[in-house]
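K.L.:
Next comes the sequence, and after it the predicted model I'd like to discuss.
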Amino acid sequence: MVNKPIAVAVAILYTEEHFLLQLRDDVPGIAYPGHWGLFGGHIEAGETPIVALQRELCEEIGYTTYQIIKFRTYEDSGVIRHVFSAHLTVTLDQLVLSEGWDMDLVTLDSIRQGSCYSHKADSVRPIAKPHQQILLDFRLDTGKTGTKFY
């Protein structure tokens, strides 16, 4: 029997100098426990990727945006990641983390290094490799257009 790939929608949320990342809970049974990653999640039956993303952002951080742009689709090891980008129009203290261990605005240097510090975990935690690559690809693609950061 062939397993059907899992479809997820994730968001690159950014300011002029930072990317918003979620520190995933450090519990067994989830993908990339204790790693930094992008906000988003599974696409439910009957949802389009963009509708799923809007739902996930509202559930996970209480954030609503309609200025979402499709970036790319990535497929690997049974996962299809529909990746979107949006400028973060609120400050970090206006978001309410409802899923995950921590969230923070992370610099491009930290993304290149592959890790960043979490105040809640009181430790440096790794960035999930697929999400690190997505962010680096995004930076390269948008850098070609002459955009200031994003």
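P.N.:
That came in fine, so what should we check first?

K.L.:
CA only for contacts and neighbour counts going forward, please
P.N.:
OK.

K.L.:
Next up, the contacts around the residue minimising distance to the centre of the chain.
P.N.:
Computing the C-alpha centroid of the chain and ranking residues by Cα atoms, centre = their mean puts L38 first, at 1.3 Å. With contact set as Cα atoms under 8 Å, 6 or more residues apart in numbering, L38 has these partners: V10, A11, I12, L20, L21, Q22, H131.

K.L.:
From T64, how far out is it?
P.N.:
Note on L38: its distance to T64, by Cα to Cα, to the nearest Å, is 16 Å.

K.L.:
so what secondary structure elements neighbour the lengthiest helix in the chain?
P.N.:
Looking across the chain with DSSP state H, the single longest helix is helix 129-144. If you count contacts as 3 or more Cα pairs under 8 Å, 6 or more residues apart in numbering; DSSP states H and E, helix 129-144 packs onto helix 108-113.

K.L.:
the strands in the protein, which residues?
P.N.:
6-14, 19-23, 36-37, 39-42, 69-76, 79-87, 102-106, 115-118, 123-126 (DSSP state E).

K.L.:
Mind listing what's buried along the fifth one?
P.N.:
To tie it back to what came earlier, the one meant is strand 69-76. F71 (16 or more other Cα atoms under 10 Å).

K.L.:
Need the residues that contact it.
P.N.:
Contact with strand 69-76 is made by I80, R81, H82, V83, F84, S85, A86, F138, as judged by Cα under 8 Å, 6+ apart.

K.L.:
angle of it against helix 129-144?
P.N.:
140 degrees (axes from the mean of the first three to the mean of the last three Cα atoms, to 10 degrees).

K.L.:
and strand 69-76, average pLDDT?
P.N.:
Per-region confidence: strand 69-76 scores 96 on mean pLDDT.

K.L.:
Repeat that for stretch 14-23.
P.N.:
pLDDT averaged over stretch 14-23 gives 95.
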